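[1] structure, please.
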Amino acid sequence: MDVTTTAGFDWTLALLFLGASLAAALTGWMFKPGTWYDGLQKPDWRPKNWMFPIAWTTIYVLSSLAAARVAPHAGNAYAMAFWALQIALNTLWTPTFFGARRIGLSVVVMLALCFAVLGMLWTFWALDGWAFVMILPYAAWLSLAAPLNIWIWRKNPITRT
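    Just a heads-up that it's a prediction; the model follows:
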């Protein structure tokens, strides 16, 4: 038995997907919210600051494990394309919102990210039920993050670009 696999699961493959997720996560370290973000109007229903790193760590780990489950399947082209698209858009959102402070553009990125994750859900479901289940927390978080992004854009007109 290959040491990189456990009951058919390829841990090396999972680590490669996790590496891509780590690159996305590092944008949060590079582009911190700071005083600019503190000064924005935000809704009362916004999650507490401490929830964001917990949510994103969970999402990155689960989506990497899910992708590693789906990658070996025949017919995975669209599933892997949606995974690649979501991690690229995920990586782009933080520098767009916090770095460039382009909240309107970040809404566009967020909506595209939601589309990519929905595509990932749809295609993962067809290949591996557990992978689908592992993406559900991501979809749930985006169902909060997208309205939050839109709310902040609408309520902070000076920053609209």
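[2] every contact and neighbour count from this point should use C-alpha atoms.
    Will do.
[3] what's the neighbour count on the nearest residue to residue 65 once chain neighbours are set aside?
    In space, and not counting its chain neighbours, residue 65 is closest to residue 14: 5.5 Å by CA to CA, 6 or more residues apart in numbering. Residue 14 has 21 neighbours, counted by other CA atoms under 10 Å.
[4] pLDDT value on residue 14, please?
    Note on residue 14: pLDDT of 94.
[5] how far does stretch 74-94 sit from its chain's centre?
    How far stretch 74-94 lies from its chain's middle: 10 Å, per CA atoms, centre = their mean, to the nearest Å.
[6] for the residue nearest the centre of the chain, list the residues it contacts.
    Centroid check for the chain by CA atoms, centre = their mean gives residue 90 as the closest residue, at 4.8 Å. Taking CA atoms under 8 Å, 6 or more residues apart in numbering, we find residue 90 in contact with 24, 113.
[7] that one is in what secondary structure piece?
    Assigned by DSSP states H and E, residue 90 belongs to helix 77-94.
[8] what are the buried residues along that helix?
    79-80, 82-94 (16 or more other CA atoms under 10 Å).
[9] helices or strands next to the helix or strand just after it in the packing?
    Using DSSP H and E, the helix or strand that follows helix 77-94 in sequence is helix 103-127. Judged by 3 or more CA pairs under 8 Å, 6 or more residues apart in numbering; DSSP states H and E, helix 103-127 is in contact with helix 77-94, helix 129-155.
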